[in-house]
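Engineer: next one to model:
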Amino acid sequence: MSVDTNEATVARLGKAFGSGDLETALACLSEDVVWELPAPSQLPYGGSYQGHAGYSDW
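Structural biologist: Numbers count the residues shown, from 1 in each chain. From the prediction side, this is the model:
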């Protein structure tokens, strides 16, 4: 992938995330994505989420 392709994918993911378009967001991510979100234990959304199912759960 080129830098331009990567930048376009990240922009597409950000737009999909911002609009709540889960289908498009998942299309931007590999099936084996690992989504790491460091957060204080008091916050419910921190942790490690794996794959499309994990991203969807997050």
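
Engineer: and the contacts of stretch 40-49?
Structural biologist: Outside stretch 40-49, the residues that touch it by CB atoms under 8 Å, 6 or more residues apart in numbering are 34, 35, 36, 37, 38, 39, 54, 55, 57, 58. All C-beta atoms are positioned from the backbone trio N, CA, C, and that covers glycine.

Engineer: report the buried residues of it.
Structural biologist: Buried residues in stretch 40-49, counting neighbours by 16 or more other CB atoms under 10 Å, are found at residue 49.

Engineer: now do stretch 17-32: distance to the chain's middle.
Structural biologist: Distance, stretch centre to chain centre, for stretch 17-32: 6 Å (CA atoms, centre = their mean, to the nearest Å).

Engineer: quick one, helices of the chain?
Structural biologist: Using DSSP state H, the helices of the chain run over residues 3-19, 22-28, 51-57.

Engineer: what sits up against stretch 28-35?
Structural biologist: Contacting residues not belonging to stretch 28-35 are listed as 9-10, 12-13, 16, 48-52, 54-55, 58 [CB under 8 Å, 6+ apart].

Engineer: cutoff 7 Å now
Structural biologist: With contact meaning CB atoms under 7 Å, 6 or more residues apart in numbering, stretch 28-35 is reached by 9, 12, 13, 16, 48, 49, 50, 51, 52, 54, 55, 58.

Engineer: let me know the distance separating the residue lying farthest from the centre of the chain from residue 56.
Structural biologist: Relative to the centre of the chain, and counting by CA atoms, centre = their mean, the farthest-placed residue is residue 42 at 21.7 Å. Per CB to CB, to the nearest Å, residue 42 is found 23 Å from residue 56.

Engineer: now residue 18
Structural biologist: 17 Å.

Engineer: list the contacts for residue 26?
Structural biologist: 52, 55.

Engineer: swap in 6 Å and give it another go.
Structural biologist: residue 52 (CB atoms under 6 Å, 6 or more residues apart in numbering).

Engineer: and the pLDDT for it?
Structural biologist: With respect to pLDDT, residue 26 has a value of 93.

Engineer: cool, residue 12 as well?
Structural biologist: For residue 12, the model assigns a pLDDT of 96.

Engineer: quick one: contacts for it?
Structural biologist: Residue 12 makes contacts with residue 28, as judged by CB under 6 Å, 6+ apart.
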